[in-house]
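**Q** could you work out the structure for the sequence below:
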Amino acid sequence: MTDHASKAPSDSHAVQGEQVADKHRRLQQQQDEKDAARQKQAQPGGGSGGEGGGSGKADAKHAQQPPPTDLRRHPSQFAEQHHRKPGSEADLDPAPQFLARGYEGSNKLRGQVALITGGDSGIGRAVAVLFAREGAQVAIVYLAEHEDAEDTKRCVEAEGADCLLLPGDVGDSKFCKEAVRRTIERFGKLDILVNNAAFQEHAAKLEDISDERLEETLRTNVHGYFRMARAALPHMKAGAAIINTGSVVGLEGSPELLDYSLTKGAIHTFTKSLARSLLERGIRVNAVAPGPVWTPLNPADRAGEQVARFGQQSDMKRAAQPEELSPAYVFLAAPVCSGYITGIVLPVTGSIGAI
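**A** Numbering: from 1, shown residues only. Here you go, the predicted structure:
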């Protein structure tokens, strides 16, 4: 297990973010202790993965790799590793691929302003980079991963865009309002909201999930999306877009991610309901449902041997890289691409028949 620390901003919302991160680490430790006790009583085996993680049924050495669907090389297995929550992209081995070097921007989002939660790493980081490449200014909300956030800011600025860092807890209504206020204060408006922040922790059975753990999963994954959208909407005009990050486990379920799957199914329904609510206001609401994606989320959840096989249960026999998800967010954000699309859950799962 790795430890990753960096100097944090000193404002009260940043302090609150650090406190929530400490809670996440404590919940993680509780589950790690349950896993260790269970291993003494049962034969070792794999587990289902997070955003569609590894089942553990395939042997990494003998898994048949299908032909690549593009010319980029993406890993099909990873080093064994287990990280402290909330997880740091800087610690992952190998480093996630998020720059989408083959993607050429064409000003699809020129002049727009985007607010991305969970924007410091993983899918959120990749989305921030492509939004900037398409001409948007970007504000990113994150919990306590300050070094990751600074790295993301540098990448966004390298695309020629400005980037505002907003550490804090999306489960807190006051912070959501403050994040929106500071975004508008900096950039003058808000056109795109990407709800992407998430908390995930596995459990072998329902009885292992405490009330505290359930409430934290709901607070981050559902309440955070609801509260951030509620804070943003008074400032969004016709032509604006909200994009929520769902999951393949919200479509198919997961026996070891009961609370997380619950929240992702709720996000899918929230997306469709909010799309209907906002249709007359000209604001589109859609979701992306990723399959397994190589981000800090799963290595900060699963045991090292399961992380090594992460994503091999997908039809493509590997996890996606964040750069393979981010174009879907550009598509749903840009009116020129998806002006006639609202209320959908777009699966990007690496498997056939996700819906």
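**Q** may I ask you to name the longest helix in the chain?
**A** Taking DSSP state H as the criterion, the chain has its longest helix at helix 12-39.
**Q** list the buried ones in that one?
**A** Buried positions in helix 12-39, judged by neighbour count with 16 or more other CB atoms under 10 Å: 13-14, 16-18, 20-21, 23-24, 27-28, 30-31, 35. Backbone N, C-alpha and C define where each C-beta goes, glycine included.
**Q** can you check stretch 215-233 too?
**A** 216-229, 231-233.
**Q** pull up the distance across that stretch, start to finish.
**A** 25 Å (CA to CA, to the nearest Å).
**Q** so how far is that stretch off the chain centroid?
**A** Put simply, stretch 215-233 sits 14 Å off its chain's centre (CA atoms, centre = their mean, to the nearest Å).
**Q** who's in contact with that stretch?
**A** With contacts defined as CB atoms under 8 Å, 6 or more residues apart in numbering, stretch 215-233 is touched by 23-24, 27, 115, 117, 141, 170-173, 176-177, 179-180, 190, 193, 195, 197-201, 242, 244, 259-260, 262-264, 266-267, 270, 274, 278, 283.
**Q** same check, this time on stretch 282-289
**A** 233, 236-248, 250-251, 264, 267-268, 271, 274-275, 278, 325, 328-329, 332, 335, 338-339, 341-349, 354.
**Q** likewise stretch 335-346?
**A** 108, 239, 241, 246, 250-251, 268, 271-272, 275-276, 279, 284-289, 328, 330-332, 355.
**Q** pLDDT of that stretch, averaged?
**A** Mean per-residue pLDDT for stretch 335-346: 98.
**Q** can you name the next helix or strand after the longest helix of the chain?
**A** Next along the chain after helix 12-39, taking DSSP states H and E as the criterion, comes strand 113-117.
**Q** and that following strand, what does it pack onto?
**A** Under the contact definition 3 or more CB pairs under 8 Å, 6 or more residues apart in numbering; DSSP states H and E, strand 113-117 sits against helix 122-133, strand 137-142, helix 173-187, strand 192-195, helix 224-232.
**Q** partner strands of whichever helix or strand comes after the last one, parallel or antiparallel?
**A** The first helix or strand that comes after helix 224-232 along the chain, using DSSP H and E, is strand 241-245. Strand 241-245 sits in its sheet next to strand 192-195 (parallel), strand 284-290 (parallel), going by DSSP bridges.
**Q** and after the first one, which helix or strand comes next?
**A** Put plainly, it is strand 192-195. Using DSSP H and E, the first helix or strand after strand 192-195 is helix 211-218.
**Q** show me which of the contacts of stretch 335-346 are buried.
**A** Neighbour counting over the contacts of stretch 335-346 (16+ other CB under 10 Å) leaves 108, 241, 246, 250-251, 268, 271-272, 275, 284-289, 328, 330-332 as the buried ones.
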